[in-house]
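# Got a predicted structure here, sequence first:
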Amino acid sequence: MSIYIGNLSYEVTEADLTSVFTEYGSVRRVQLPTDRETGRMRGFGFVEMSADAEEDAAIEALDGSEWMGRDLKVNKARPREDRGGSFGGGRRNNSFSRGY
């Protein structure tokens, strides 16, 4: 499982997140998604740790804490939802779903 970290500073780096989360256990992977068009960080990231207990400790300690001038939102990451086919980013086009 992985941890979602929201409301991150746009200046944060993978090394910054690794440093903070290493205090709670072994960090396996850090991801900081960027905008496809601008290349700018999107203000959230994901951290994977070696054990669920380590993730739970990090979430408990860091959720709501201030870091780099921002109040963090830290919780278990939810699985990515299927965005659907090519008809508008997951929104159902009723004429197609009814079989017309």
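In hand now; what should we look at?

# could you pull out the helices for the protein?
14-21, 52-62, 94-97 (DSSP state H).

# could these be laid out in JSON lines, adding mean neighbour count?
Just so you know, the C-beta spots here come from the backbone N, C-alpha and C atoms, and that holds for glycine as well. Compiled in JSON lines, the helices of the chain are given as follows (neighbours: other Cβ atoms under 10 Å):
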{"stretch": "helix 14-21", "mean neighbour count": "16"}
{"stretch": "helix 52-62", "mean neighbour count": "16"}
{"stretch": "helix 94-97", "mean neighbour count": "9"}
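
# can you tell which of those is closest to R42?
Set against R42 and scored by Cβ to Cβ, those come closest in helix 14-21, at 13.8 Å.

# tell me which strands and helices that closest one is in contact with?
strand 27-31, strand 44-49 (3 or more Cβ pairs under 8 Å, 6 or more residues apart in numbering; DSSP states H and E).

# Reformat the helices of the chain as JSON lines; add mean pLDDT.
Shown next, in JSON lines, are the helices of the chain (pLDDT from 0 to 100):
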{"stretch": "helix 14-21", "mean pLDDT": "97"}
{"stretch": "helix 52-62", "mean pLDDT": "97"}
{"stretch": "helix 94-97", "mean pLDDT": "48"}
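
# With distance to M41 as new columns, can those helices be given to me in JSON lines?
Below are the helices of the chain laid out as JSON lines (distance: least, Cβ to Cβ, whole Å):
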{"stretch": "helix 14-21", "distance to M41": "10"}
{"stretch": "helix 52-62", "distance to M41": "18"}
{"stretch": "helix 94-97", "distance to M41": "36"}
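
# Distance check, A58 against S65.
A58 sits at a distance of 11 Å from S65 (criterion: Cβ to Cβ, to the nearest Å).

# which residues do those two both contact?
Counting by Cβ atoms under 8 Å, 6 or more residues apart in numbering, the contacts common to A58 and S65 are V74.

# Hmm, E66 is touching S9, no?
No - in terms of Cβ atoms under 8 Å, E66 does not count as a neighbour of S9; the distance is 10.8 Å.

# and the closest residue in space to G64 that isn't next to it in sequence, how many neighbours does it have?
Once flanking residues are discounted, G64 sits nearest to D71: 6.3 Å by Cβ to Cβ, 6 or more residues apart in numbering. Neighbour count for D71, taken as other Cβ atoms under 10 Å: 11.
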